[in-house]
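In: could you look at this predicted model? Sequence included:
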Amino acid sequence: MTAHPWLAAFKVYTHPRVVGMLFLGFSAGLPLLLVLGTLSFWLSEAGIARATIGHLSWIGLAYGFKFLWSPLVDRLPLPLLTRALGKRRAWLLLSQVCIAAALLGMANTDPVVNLAHTVFFALAVAFASATQDIALDAYRIEAVETEKQGAMAATYQAGYRIAMITAGAGALWIAAAFDPSEATYDFRPWQVAYTAMAAFMGVGILTTLVIREPAHAAPLTRIRDQGFLRWLATSFVQPFVEFFARFKWQALLILALIAVYRISDVVMGVMSNPFYQEMGFTKDEVATVSKVYGVIMTIAGAGLGGLLVMRMGVMRTLFLGALLSAATNLLFVWLAGRGHDVSALVFTVSADNLSAGIASSAFVAYLSGLVNQNFSATQYALFTSVMLLLPKFIAGFSGEFVDAYGWANFFTGTAMIGLPVLVLIWLAGRVRRPD
């Protein structure tokens, strides 16, 4: 008896490589909120100005510029580590250890006493985390064939979101448990929380030590074997030239779509935690609703997105995800009018995160399909860098926009800037993929 098509599609989630991405996704997702969302809640509670918090979101631009050093991760061997672990695992382990160390640095720095030191360690976390992303994205692309990339993206997103529960709700719960009073700021609860987060990076480190290298990884190139100029051309120039040669003028259309696809979510996300804090939601309420229930909805959305990619195709799912992501931002306008209403928060966060999960799975699958596996780390880093640069830059002014125009206008604006994305998806869907 032939299995139902949807059941057959679901079996892809039992593939060992697909299952393994759950743990690697956790390792990738843990640092992000700790230098953005959770940090913004910490800074808001510490009395740091909204405009300053908005500007500090530019720490996330480290992810946007990772294409600058991605060729090193793609092609350069690390002394001792590469021989012992292989190319991808060596860079993964180095970056994970650096993330843990920098998180410990944040844990022992009070932003009220020395904000510059907090920013320095946060930048170190972001830089090491971006490096981990480069190696991990290359591993994911090289590990399975194209038709399984949607499922790989979904389980990666699931692990990523579980880590965000840990870094979001977990950090807030720990801080709340050690906080003697919500009414006044105390550094010690945040110190304990960030120390615990550094310890959780052990999950990524152990996973890296257990997994095996992909069977078909891009070759390493050594400077002494090629000469510096030839190595530079092979490692830094050729991956970008290959992409533009493959897609020609249509490469610009593709890059334009990548540059704005997540703009609604990224710009809105920077101010979400300060918004919750100003609406009177406690750390426990934000942790439970936004950082747990909301992330579970994102995982559900990611799983649904992976199935939709297999049944509907990438571009249709990409369009659906973009439409839902922009539309659900308007729910925050409604929430701003209701104030401290936990039921309204649950509904808003659920809808927003479900749409984000669908969009993320489709987008990762789309980007993965654009990559030439001979340059997987470098080209994927280029795409994800382009994805973040413009949204992160605009998001840096979000605090000043809220100060000038209020929460309702801010959330309406984040929905409106997502509308041009739909046109770009339609145009990009007409691009003929080269053989």
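Out: Looks like it came in fine.

In: so where's the chain shaky on pLDDT?
Out: For the chain, the stretches flagged by pLDDT under 70 are 1-10, 144-149, 182, 215-236, 291, 431-435.

In: to the chain's geometric centre, what's the distance from the helix or strand hosting Gly337?
Out: If you go by DSSP states H and E, Gly337 is part of helix 330-338. How far helix 330-338 lies from its chain's middle: 25 Å, per C-alpha atoms, centre = their mean, to the nearest Å.

In: who touches that helix?
Out: By C-beta atoms under 8 Å, 6 or more residues apart in numbering, the surrounding residues in contact with helix 330-338 are 268, 272, 275, 279, 341, 344-345, 347-348, 351-352, 407-408, 411-412, 415. For glycine as for every other residue, the C-beta is placed from the backbone atoms N, C-alpha and C.

In: pull the CA atoms of it into CSV?
Out: Output of helix 330-338 as CSV, limited to C-alpha atoms (Å, rounded to 0.1, in the frame of the first residue of the first chain):
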residue,chain,number,x,y,z
LEU,A,330,0.0,45.0,12.4
LEU,A,331,-1.1,42.9,15.3
PHE,A,332,1.5,44.7,17.4
VAL,A,333,-0.4,48.0,16.6
TRP,A,334,-3.5,46.4,18.2
LEU,A,335,-1.4,45.1,21.2
ALA,A,336,0.0,48.6,21.7
GLY,A,337,-3.5,49.9,22.1
ARG,A,338,-4.5,47.2,24.7
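
In: buried residues in the following helix or strand past that helix?
Out: As assigned by DSSP H and E, the chain's next helix or strand after helix 330-338 is helix 342-370. Within helix 342-370, the residues scored as buried using 16 or more other C-beta atoms under 10 Å are 344-346, 348-368, 370.

In: identify the residues contacting stretch 115-134?
Out: Identification of contacts with stretch 115-134 by C-beta under 8 Å, 6+ apart yields 27-28, 31-32, 34-35, 39, 48, 56, 59-60, 62-63, 65-66, 69-70, 73-74, 91-92, 94-96, 98-99, 101-103, 105-106, 109-111, 204, 377, 380-381, 384.

In: mind doing that once more with 7 Å?
Out: By C-beta atoms under 7 Å, 6 or more residues apart in numbering, the residues outside stretch 115-134 that reach it are 27-28, 31-32, 34-35, 39, 56, 59-60, 62-63, 66, 70, 73, 91-92, 95-96, 98-99, 102-103, 105-106, 109, 111, 377, 381.

In: sitting in helices, which of those do you find?
Out: Of the positions in those, 27-28, 31-32, 34-35, 39, 56, 62-63, 70, 73, 91-92, 95-96, 98-99, 102-103, 105-106, 377, 381 sit in helices, assigned by DSSP state H.

In: circling back: only the buried subset of the contacts of stretch 115-134, as a PyMOL command please.
Out: In PyMOL syntax, the buried subset of the contacts of stretch 115-134 is picked out as below (16+ other C-beta under 10 Å):
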select buried, resi 27+28+31+32+34+35+39+56+59+60+62+63+66+70+73+91+92+95+96+98+99+102+103+105+106+109+111+377+381
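
In: now the helices for the stretch 151-300 of the chain?
Out: Ranges of helices within the stretch 151-300 of the chain are 171-177, 187-200, 202-210, 223-226, 228-232, 238-247, 250-260, 263-270, 272-278, 283-286, 294-312, based on DSSP state H, counting those that start in this stretch.

In: between the contacts of helix 330-338, which sits nearest Ala322?
Out: Of all these, Ala322 sits closest to Ala415, with 11.5 Å by C-beta to C-beta.

In: how about the residue nearest to that closest one when sequence neighbours are not counted, what does it touch?
Out: Spatial nearest neighbour of Ala415, excluding adjacent residues (C-beta to C-beta, 6 or more residues apart in numbering): Asn329 at 4.1 Å. Listed by C-beta under 7 Å, 6+ apart, the contact set of Asn329 reads 264, 268, 411, 414-415.

In: what does Asn329 show for phi and psi?
Out: With angles defined as degrees, to the nearest 10, Asn329 sits at phi -60, psi -30.

In: which other residues reach stretch 45-54?
Out: Contacts for stretch 45-54 (C-beta under 7 Å, 6+ apart): 40, 43-44, 111-112, 185, 270, 274, 277, 396-400, 402-403.

In: at 6 Å what do you get?
Out: If you take C-beta atoms under 6 Å, 6 or more residues apart in numbering as the criterion, stretch 45-54 is touched by 40, 43, 111-112, 185, 274, 396, 398-400.

In: give me the neighbour count for Leu390.
Out: 18 (other C-beta atoms under 10 Å).

In: so how far is Tyr185 from the residue lying closest to it once chain neighbours are set aside?
Out: Excluding the flanking residues, the one nearest Leu390 by C-beta to C-beta, 6+ apart is Ala259, at 5.1 Å. Here the criterion is C-beta to C-beta, to the nearest Å. By it, Ala259 lies 38 Å from Tyr185.

In: what of Gly168?
Out: Computed as C-beta to C-beta, the Gly168 to Tyr185 distance reads 19 Å.

In: one more: Ser44?
Out: Separation of Ser44 from Tyr185 (C-beta to C-beta): 10 Å.

In: could you do Thr328 as well?
Out: According to C-beta to C-beta, Thr328 stands 32 Å off from Tyr185.

In: which one of the two has more residues nearby?
Out: The neighbour comparison of Thr328 against Tyr185 (other C-beta under 10 Å) goes to Thr328, with 23 against 17.

In: my guess is Gly321 meets Ala362, correct?
Out: Yes - in this structure, Gly321 is within contact of Ala362 by C-beta atoms under 6 Å, at 4.9 Å.
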